[in-house]
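Chemist: I would like to see how this sequence folds:
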Amino acid sequence: MSTTQWSSAFNTSEDVIEQFKTKLDELVEEATNNMNNEDRSSIEMTKVWQKGLTLWKTTINYLINSTTTPNVTTYEDCSYLFYNKIYNSLDFVQRLEKDDSLCYEVFYSCLDLLNMLVVNQHHLNSDDIDISENNVINNYFYIVLYLCRAACNYVLFSDELVNDYMSFLTILKAYADKKVTSELESEQEQFDRVTTEILIFFWCMANRTILVPSLILLNLPSSAVRWLSNSGCLNATATEPLIRIIYNMARHDDGADEYNNLGAMEIIKEYQRRDEIACNNQLSLCCSLAIAHLSTPEQLKQDQKGMNVVLNRLLELTMEAATKKDFTCEGVRYHVSHLVAVLAKLFVVDERTVDYIMTHAETEPPSNTTSNIKLFADLLIAFSDLITSRDSLNQFACIALYNIVWSISFQSEYQEELKANKQLIDTIQRLADDERSQMCDQYKPRALQSIKKAADGILYNLHLETNVDTMPVVRSKRAPIGRSRSPEQKDIKDTEISSDKKKQLSTNDSLPLVMFSYAHKDDKFCYHILKELEQMNTTLKVWIDIQQCAKGDLWEKIADAIENAEVILCFISEYYHQSKSCRQEFTYAVDDLQKPIIPILIGDYKPKGWLGIRKAGMKYIRFRNTNEPKQSEIQDLIERVRTEITHDKNIIINLTAPSHYDTSKEVIQQKSPIEDIHSTTVVFPPITEWTTSDIRQWFYQHGIMDEIHDLFRFQSGIEMLDYAQILVRNRDEQEKIYTQIFTQKYSGQLLPPHEFNRFVKAMEQLFKENSTEDTTNKETKQLTTLKSSKKSSTCMIL
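Modeler: Next comes the predicted model:
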């Protein structure tokens, strides 16, 4: 029914309402006939609801644009008629859950209905509307907002779909600010129903994580924090939309960053400590989840006791959700995706979380390593079958679970149990080869990788091959094959890198290879360094994924690059630390291949966890201002690179030795860059004559990390022998003591057991070699094997 038809048929608003009612009755009768006729498809039913929506919009539009000024009650009357006759009578809610197109039409039709009245008639942003008229308008808004937020839960959004409504949403948020502030100042225990409905509407929008950037543009985080901090007079029920808005937005990285800038965590904790919130399981859990999303690794470590309580609860709820058909916990009503999302993030930012969940969590019923591995394996298998589901919760749960199992697979003590689960391995291998596993229709946090990357990473960690005829290789954190790169990447690839340079980089295999390992979030700085190194294109070749991985097997190319690189530049930041793909690249290069690494620290970041322990002892270069790096820092980096890549000819390496002691010369042949590290021979003086330089060289030759050397600070060989005797007799006690000292000295980092074991074995050998003979009469020359990390044709020890 068009606006023109309305205007030619009616002279009063009452006539319009009467005709509107008649038309709705006809639609209800049509719908009833459809429901009684099994041959009529659900498509016909959807058409009935669509006709009702169109009729409603057309009627309101006619009333707004009518030459006769309508009584505002007609807006309210129309809305109540639609609500009672269509929404309540025709099972609208169940239809929304099943019909994507209807959800879309309901949501945007309701936004249009709201937008018409706000933008055309300036309601909500006008102060001159009398109280009775405003109450009527509020009733209209209540009904339309109720229908809008009901549909919001099922719409498949993209981040562009709300752009046309930003003017209306800005006005609505400003109105909410005004209403909430006024009602808080009056110290009411609860908001009126329209204010509540507006807040729930924003709560539902924030629940669709992909919309969070749009809500940030509305300055909703600042308002939500202010509302919550001033909500002391409200009862628990009234505050629920406020904490829900904050929690839902904190699930998005941009939202978390925004709330951290606003200092939201302390406000949430203060809110959680209120008596009525502390005893409310649903709201208290919501607070804990929000805090977990906002916490940094350092903050998690500062409150380990409190976080353990949260982890216990998360695991218990995950166990409960796994037993439900809809994977939703009773009582707190959280879908398992909310729970595993937090666990997946915590597993990335704090490795201690993995160990606690797997072996120490206190749950009811009790759990253990075997049951927990089975829990996550069963959930992963179940959600792998839902990979094509259009439900964003199912899709996100699948992504989070693959990242959780990936985190677990890094720990050697759990690998055999994972490999023993044949159904799990078969599922992971199937998804690793499924192109759909690269897709993600909804938002994915930066700490998590795609299903494809996680699946490949699990198989690599477990030393298993995928179903394709390729070796398990290290995976990358960049854009998956077949997915378009960002405009920035395209610009750099297509315009900033000349075709001559690309040709030269890809074809000149005689030049030494320098590889870039970086997190995608740091790509702008990487490209800046790339342009600097391109000026050395006659002496080196740079390998970076955007140049080399446009076609073919991305993972195999990355593995080849690591294996053949003369040196690897690792751009280290919090993003790098959180990326499991970066972790695999780094550990493959360092642990498996012992490749030369130049750590490039970005900003003020301090490496920690798995990254800090491996970077320890490496000489790094820090770029504090990545937007305008200092030329001196760039030059330092270029010189470091030049030093590393010049070790392909005859090189003389000066190793420190006591000036009074004669040294010998040893010649070694260079091995292939991808072969194991070669050995060389170094001469030591009698242990009674060892200096601190000899001691440091001894630690180096046995591959013992610098932190352990610095922990003991031996000053003489005799001192080392004395301690070696103590260590041999009381190894367990000494390990316990120095593990605590190590943790205190290195800001909470744990002493790697395998590193301490290497130190113990070397000390035992040292004690054995020197305990059976008079050390003062020993030979002046002792030969021991020295592992060298430099590759050269000829290496001369002077």
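Chemist: rest of the way, CA atoms for contacts and neighbours
Modeler: Will do.
Chemist: The helix or strand hosting residue 581 - what's its average pLDDT?
Modeler: According to DSSP states H and E, residue 581 maps onto helix 580-587. For helix 580-587, the mean per-residue pLDDT is 84.
Chemist: Beyond that helix, next helix or strand please.
Modeler: strand 597-602.
Chemist: residues near residue 722, how many?
Modeler: 11 (other Cα atoms under 10 Å).
Chemist: can you check residue 716 too?
Modeler: Residue 716 is flanked by 17 other residues according to other Cα under 10 Å.
Chemist: distance of it from residue 769?
Modeler: Separation of residue 716 from residue 769 (Cα to Cα, to the nearest Å): 16 Å.
Chemist: coming back round to it: remind me what the helix holding residue 581 packs against, helices and strands.
Modeler: helix 451-461, strand 513-517, helix 574-578 (3 or more Cα pairs under 8 Å, 6 or more residues apart in numbering; DSSP states H and E).
Chemist: Can you tell me which of these is packed in deepest?
Modeler: helix 451-461 (a mean of 25; mean count of other Cα atoms under 10 Å).
Chemist: then that one to PDB, C-alphas only?
Modeler: Taking C-alpha atoms only, helix 451-461 is exported to PDB below (Å, rounded to 0.1, in the frame of the first residue of the first chain):
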ATOM      1  CA  ILE A 451      41.000 -22.500  12.100                       C
ATOM      2  CA  LYS A 452      43.300 -23.300   9.200                       C
ATOM      3  CA  LYS A 453      46.400 -21.800  10.900                       C
ATOM      4  CA  ALA A 454      45.600 -23.400  14.200                       C
ATOM      5  CA  ALA A 455      45.000 -26.800  12.700                       C
ATOM      6  CA  ASP A 456      48.300 -26.600  10.800                       C
ATOM      7  CA  GLY A 457      50.000 -25.500  14.000                       C
ATOM      8  CA  ILE A 458      48.600 -28.400  16.000                       C
ATOM      9  CA  LEU A 459      49.800 -30.900  13.500                       C
ATOM     10  CA  TYR A 460      53.200 -29.300  13.300                       C
ATOM     11  CA  ASN A 461      53.600 -29.400  17.100                       C
END
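Chemist: Do I have it right that residue 343 meets residue 405?
Modeler: No: assessed by Cα atoms under 8 Å, residue 343 is found out of contact with residue 405, at 10.8 Å.
Chemist: what about the two, which has more around it?
Modeler: Just comparing residue 343 and residue 405: by other Cα under 10 Å the higher neighbour count belongs to residue 343, 25 against 21.
Chemist: Would you confirm that that one belongs to a helix?
Modeler: Yes: counting by DSSP: H, G, I helix; E, B strand; the rest coil, residue 343 is found in a helix.
Chemist: Tell me the pLDDT of it.
Modeler: 92.
Chemist: Which of the helices or strands spans the nearest residue to it once chain neighbours are set aside?
Modeler: Closest residue in space to residue 343, ignoring its immediate chain neighbours: residue 404 at 7.3 Å, by Cα to Cα, 6 or more residues apart in numbering. Taking DSSP H and E as the criterion, residue 404 maps to helix 392-409.
Chemist: for residue 622, phi and psi?
Modeler: phi -110, psi 130 (degrees, to the nearest 10).
Chemist: From residue 629, how far off is it?
Modeler: Distance from residue 622 to residue 629, by Cα to Cα: 10 Å.
Chemist: for residue 191, same thing?
Modeler: Taken as Cα to Cα, the span from residue 191 to residue 629 is 52 Å.
Chemist: These two: who's more crowded?
Modeler: The neighbour count for residue 191 versus residue 629, taken as other Cα under 10 Å, is higher for residue 191 (21 against 15).
Chemist: Looks like the more buried one contacts residue 238 (just checking).
Modeler: Yes: judged on Cα under 8 Å, residue 191 makes contact with residue 238 at a distance of 6.5 Å.
Chemist: so residue 461 makes contact with residue 408?
Modeler: No: because the distance of 9.7 Å does not satisfy Cα under 8 Å, residue 461 is recorded as not touching residue 408.
Chemist: quick one: common contacting residues for the two?
Modeler: Here residue 461 and residue 408 have residue 415 as joint contacts, going by Cα atoms under 8 Å, 6 or more residues apart in numbering.
Chemist: Done for today, thanks.
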